[in-house]
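Chemist: below: sequence and its predicted model.
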Amino acid sequence: MFWTQLGAQFGIDGAVARAFRTLFPPTPGDTEVFAHGETAPGLLRNPAIPYEAGTVETADGARIHVREYGPRSAPRIVLIHGYACRIEYWNPQINQLADRYRVTVYDQRGFGRSTQGNRPFSVDALGDDLSYVLGAVVPAGEQATIAGHSLGGIAIMSWAARHPHDVARQARSVLLIDTIADAFAASTKILPAPGLDRPLRNRLLNFAIGRLPIPNPTVLGLLFRYTVLTTRAGHAETAFIEALIASCPNPFRTRAPSVLTDLDVTAGLPHLTIPTTIIVDTADRLTPPTASRRIANLLRANGITPYCLELPGLGHCTTLEAPYTITAEIDRAATPGVVGRSVG
């Protein structure tokens, strides 16, 4: 009954509901999309430790669902998920960090348990949402390490552009993971079109983004793995990210990527004067290494030296394919007294 109701509420078909049931078996009285199941594989399991949940309301009426794990007095980490995901995307990192950090995670507007609000969905809105969340969870005089994956990294750069005076005040360091600052159509490799004229390819992508329906990822098979993972990704990781994205209902799942067509958050980069880490995977087709290298070059042009890390042979969802590596980098950036390293 629970899974039937879930499918009706979120537009999830029977196959995806069964995937949810396999990965995250429901417990009595649990109304979450992702139940606390003991059989979920490894680090993907929902954290068993208690959390504090709350809502941050924005000026346009969006209600942002926020959860905090770990000791209140511990150093603070804020994690921001990407497109069509939700808090649970960070399960591997929460499971490894919440014993010694105060880990804050939230559903970006329109995703997970957060509402869309009255404001048009935009990168400006996402940057402002981060400002609201930081204002609510970071006490005066304290700082947080902020990590964003994909659209989460875009939110960080948007926040830095729109709230530049808050960067050094609220952030000890930032991590931009598998993300992009501008020129998405010209950079992404999700459209395999050998021999196709590049301007035409870019026009096709810009037309398609936000218009062509994005179906349930379970029906895409190898195309889905090609886009967000690699053939090296295990079954558990594949089923996990499929279930996450499938829980994001259409038409919002299709409309949300339209923010990428005219994406430009480069104005935020000069304000990232704190230790900044850039992580990308060499096989990332969605936001490839060239996009991260451009961010690094723009930072250097403003006198900022980032620490850059390229992971060989991994796809777009590094946090799932290399969870220990990503967690170690967040841990490094959050450790008091450790300065971000500089690489090439």
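Modeler: Here it is on my side, so go on. Every value quoted in this text rests on a predicted model; they were computed, and no experiment measured them.
Chemist: show me where the stretch 1-150 of the chain has its helices.
Modeler: 2-10, 14-23, 91-97, 123-137 (DSSP state H, counting those that start in this stretch).
Chemist: just the strands from the stretch 1-150 of the chain, written as ranges.
Modeler: In the stretch 1-150 of the chain, the strands defined using DSSP state E, counting those that start in this stretch lie at 51-57, 63-69, 76-80, 102-106, 144-149.
Chemist: confidence-wise, which of the helices of the stretch 1-150 of the chain is weakest overall?
Modeler: Mean pLDDT is lowest for helix 2-10 among those, at a mean of 32.
Chemist: okay, and Ile278 sits in which element?
Modeler: strand 276-281 (DSSP states H and E).
Chemist: the inter-axis angle of that strand versus strand 144-149?
Modeler: Strand 276-281 runs at 20 degrees relative to strand 144-149, counting by axes from the mean of the first three to the mean of the last three C-alpha atoms, to 10 degrees.
Chemist: what pairs with strand 276-281, parallel or antiparallel?
Modeler: strand 171-177 (parallel), strand 307-311 (parallel) (DSSP bridges).
Chemist: next, the buried residues of the last one.
Modeler: For strand 307-311, the neighbour count (16 or more other C-beta atoms under 10 Å) marks 307-309, 311 as buried. (Each C-beta comes from the backbone N, C-alpha and C, glycine too.)
Chemist: and that strand, how far out from the chain middle?
Modeler: With C-alpha atoms, centre = their mean, to the nearest Å as the basis, strand 307-311 stands 18 Å off its chain's centre.
Chemist: what do you get for the longest one?
Modeler: Its chain's average C-alpha position is 13 Å from that of strand 171-177, according to C-alpha atoms, centre = their mean.
Chemist: buried residues in the helix or strand just after that strand, which are they?
Modeler: With elements assigned by DSSP H and E, the helix or strand that comes after strand 171-177 is helix 184-187. Using 16+ other C-beta under 10 Å as the burial criterion, the residues of helix 184-187 that qualify are 184-185, 187.
Chemist: would you turn these into JSON lines with distance to Arg63?
Modeler: Formatted as JSON lines, these follow (distance: C-beta to C-beta, whole Å):
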{"residue": "Phe184", "distance to Arg63": "28"}
{"residue": "Ala185", "distance to Arg63": "32"}
{"residue": "Ser187", "distance to Arg63": "33"}
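Chemist: which stretch of helix or strand covers Arg293?
Modeler: Using DSSP H and E, Arg293 falls in helix 289-301.
Chemist: list the buried residues of that helix.
Modeler: In helix 289-301, counting by 16+ other C-beta under 10 Å, buried: 289, 291-292, 294-296, 298-299.
Chemist: and the buried residues of strand 307-311 as JSON lines, adding distance to Ser73?
Modeler: Formatted as JSON lines, those follow (distance: C-beta to C-beta, whole Å):
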{"residue": "Tyr307", "distance to Ser73": "28"}
{"residue": "Cys308", "distance to Ser73": "33"}
{"residue": "Leu309", "distance to Ser73": "30"}
{"residue": "Leu311", "distance to Ser73": "33"}
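Chemist: quick one: Tyr51 and Tyr69 touch, right?
Modeler: Yes - the criterion here is C-beta atoms under 8 Å, and Tyr51 meets it with Tyr69 at 4.8 Å.
Chemist: give me the more crowded residue out of the two.
Modeler: Tyr69 (22 against 17; other C-beta atoms under 10 Å).
Chemist: now that one: closest residue in space that isn't a chain neighbour?
Modeler: If the residues on either side of it in the chain are set aside, Tyr69 comes closest to Ala98, at 3.9 Å by C-beta to C-beta, 6 or more residues apart in numbering.
Chemist: and that neighbour, what does it touch?
Modeler: By C-beta atoms under 8 Å, 6 or more residues apart in numbering, Ala98 lies in contact with 47, 49, 69-70.
Chemist: out of these, flag the one nearest to Glu242.
Modeler: Pro47 (20.8 Å; C-beta to C-beta).
Chemist: closest to His271 out of the strands paired with strand 276-281?
Modeler: Between His271 and these, the tightest spacing by C-beta to C-beta is seen for strand 171-177, at 10.1 Å.
Chemist: how about residues contacting that closest one?
Modeler: So strand 171-177 is contacted by 134, 143-150, 152-153, 156-157, 272, 274-280, 292, 295, 318-319, 326, 329-330, 333-334, 340 (C-beta under 8 Å, 6+ apart).
Chemist: run through the stretch 151-300 of the chain and note the low-pLDDT ranges.
Modeler: The model of the stretch 151-300 of the chain has pLDDT under 70 over residues 191-202, 204-205, 207, 210-212, 219-221.
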